[in-house]
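Got a predicted structure plus its sequence, pasted below:
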Amino acid sequence: MAIFSNSLAVFLALAFLAVVLLLEGLYLHWNATRSPEAKKLERRLQALAAGAPPSDESASILKQRMLSGIPALQRVLFAIPRVRSLDRTIEQSGLRISVSRLLAIALALGGAVFGLLQLTPLAALACAGVAAAA
């Protein structure tokens, strides 16, 4: 008799869990297809697929990033291949830095290392030895 009541409790718990999961699944399906956000996204996609120019509402979500604050440097950076992908990588990393600032930092650090190695040739040999040992 105790085994029967134990299995009945397990069955009732599993039935309750199944009903809760079914309701959650129905809600998630409704939220993905019928919610106001889903309808708004569907309208935007249909407008873009039809070739319509983006409205002010959808254009506001697009973010125009400047590669540099200096217009002449901006034009030079646009001419360099793969700068857009570098900008996208910087943006995805969450850093609040422009491409021109990143390139300036890289050049400054490279110049500093080069200058230090020129001043101390022994340090350059030591670095080469460490690099060779690794």
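Perfect, I can see it now.

low-scoring pLDDT stretches of the protein, where are they?
For the chain, residues meeting the criterion pLDDT under 70 lie at 1-4, 52-64, 123-124, 134.

Do a quick rundown of the helices in it.
For the chain, applying DSSP state H gives helices covering 2-33, 36-49, 56-59, 71-79, 83-93, 99-119, 121-133.

Show me the contact partners of the last one.
Outside helix 121-133, the residues within contact range by Cβ atoms under 8 Å, 6 or more residues apart in numbering are 116-117. Glycine gets a C-beta too; all of them are placed from N, C-alpha and C.

Report how many residues lie close to Ala132.
7 (other Cβ atoms under 10 Å).

Go ahead and name everything in contact with stretch 90-102.
Residues contacting stretch 90-102 (Cβ under 8 Å, 6+ apart): 65-70, 73-74, 77, 83, 86-87.

separation between the spatially most central residue of the chain and Leu77?
Nearest residue to the geometric centre of the chain (Cα atoms, centre = their mean): Gln92, 3.6 Å. For Gln92, the distance to Leu77 equals 18 Å [Cβ to Cβ, to the nearest Å].
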